[in-house]
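Asker: no sequence on hand, only this structure:
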């Protein structure tokens, strides 16, 4: 458990220094969970997202990072400006209550709708596959604040 807290602190300190990044507030179903995330654009159509979710039913945690391909459809048609579909994946750590943490692969598919240049709502389908055999999928809704 001590290693998990060290990992969370390292992620928070390392990503807290990024300028012009988005902070995400996340709500997931099923399983019901709340979370926070940080998202940083890398190049024109790519982004890096790091997030942590708390599932009170366990209690358990999921800490993960995703590399996303996230184009703005406004590049194709000006009427679609602010709609940003995305897909990608990365690695994560599932920390269930009372048992050993499991490392696994996370996959993500979703869309973000920009309300203004600083605020976006997103709907995301995520899947986590632990290398030890556990897996679950969920739907995440949330808001990005830049």
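Answerer: All right, it came through fine. For clarity, every value in this text was computed on a predicted model and none was experimentally measured.
Asker: on the three-state scheme, residue 99 is what?
Answerer: At residue 99 the chain is in coil, as set by DSSP: H, G, I helix; E, B strand; the rest coil.
Asker: quick one: neighbours of it, just the number.
Answerer: 10 (other CB atoms under 10 Å). For the C-beta atoms, the positions are set from N, CA and C on the backbone; glycine is no exception.
Asker: my guess is residue 113 contacts residue 82, does it?
Answerer: Yes: contact criterion CB atoms under 8 Å: residue 113 and residue 82 qualify, at 6.4 Å.
Asker: how much space between residue 42 and residue 77?
Answerer: Here the criterion is CB to CB, to the nearest Å. By it, residue 42 lies 24 Å from residue 77.
Asker: check residue 91 too.
Answerer: Counting by CB to CB, the gap from residue 91 to residue 77 is 35 Å.
Asker: neighbour-wise, which of these two wins?
Answerer: residue 91 (14 against 9).
Asker: low-confidence ranges in this structure?
Answerer: Within the chain, the segments meeting pLDDT under 70 span 1-20.
Asker: give me the most central residue, it.
Answerer: residue 51 (4.7 Å; CA atoms, centre = their mean).
Asker: okay, and that residue sits in which element?
Answerer: Assigned by DSSP states H and E, residue 51 falls within strand 46-55.
Asker: what residues does the helix or strand just after that strand touch?
Answerer: Next helix or strand after strand 46-55 toward the C-terminus (DSSP H and E): strand 60-69. Residues from elsewhere that reach strand 60-69, judged by CB atoms under 8 Å, 6 or more residues apart in numbering: 4, 7-8, 11, 33, 35, 42, 45-55, 86-97, 106, 108, 128.
Asker: and stretch 133-146, by the same measure?
Answerer: Stretch 133-146 is contacted from outside by 20-31, 33, 35, 37, 39, 94, 102, 104, 110, 112, 117-129, using CB under 8 Å, 6+ apart.
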